[in-house]
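[1] Sequence isn't available, so here's the structure alone:
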C-alpha cells in the first residue's frame, strides 16, 4: 500500500517535458530525456522554469537558458547535479554554451544583460564552502568574463 501511494504521489508531481521554442534547446531537453530513460527505463520530467528566455545578446531575440537543476529522473536523483552544481545551457544562435551553476540569475545593468552564476568555491581558489560568482556578458560574439580559466 505504501509503495503504491509513493508511486502515485511521484507520478502526480512529475511535470511533462516542456517544448522549447528553440530547436537547439529542444535537443538539450531530448538528450536529457534519453539519458534518463536509458538508465533503467525511468521517467524524465522538467519544471515550468526549466527553460527561460532572455535577450542576453542585445539583438532583440531571446536566448534559451536551460536549467538542468530543474530536471528530474525517477531513478537517478543526481543525474543532472553534483557538488559542483547543475548544468546550465545557454543557447545563442543555435549554439549551446555549457556552464556549471549552483544558482544563476540575470542582472540588468543599463543596456547589458549580465548572466550571474554561483559556482563551486574551487573556481575562486577555495573549496565548495567558499562563495564564488562569475559574471558573464555577451560581447564580440562570445560570453566575456574576467575569469581567466574560461575559454570559449
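    Happy to help now that I have it. Keep in mind it's a predicted model, so treat the numbers as computed, not measured.

[2] which SS state does residue 35 fall under?
    When classified by DSSP: H, G, I helix; E, B strand; the rest coil, residue 35 comes out as helix.

[3] which one is it nearest to, not counting chain neighbours?
    Leaving aside its sequence neighbours, residue 35 sits nearest to residue 79 (C-beta to C-beta, 6 or more residues apart in numbering; 6.6 Å). For glycine as for every other residue, the C-beta is placed from the backbone atoms N, C-alpha and C.

[4] now residue 27
    residue 96 (7.9 Å).

[5] For the one you found, give its distance to residue 75.
    25 Å (C-beta to C-beta, to the nearest Å).

[6] same question, residue 103
    In terms of C-beta to C-beta, residue 103 sits 26 Å off from residue 75.

[7] repeat for residue 140
    Using C-beta to C-beta, one obtains 43 Å as the distance from residue 140 to residue 75.

[8] same thing with residue 82?
    17 Å.

[9] Name the residues of stretch 30-42 that come out as buried.
    Neighbour-count burial for stretch 30-42, counted by 16 or more other C-beta atoms under 10 Å, picks out 32, 33, 36.

[10] mind checking how far the second one is from residue 132?
    Distance, residue 33 to residue 132, using C-beta to C-beta: 31 Å.

[11] so where do the strands sit in the chain?
    Here the chain has its strands, by DSSP state E, at 44-45, 51-54, 63-67, 72-73, 81-82, 85-92, 95-101, 103-109, 112-118, 133-139, 142-144.
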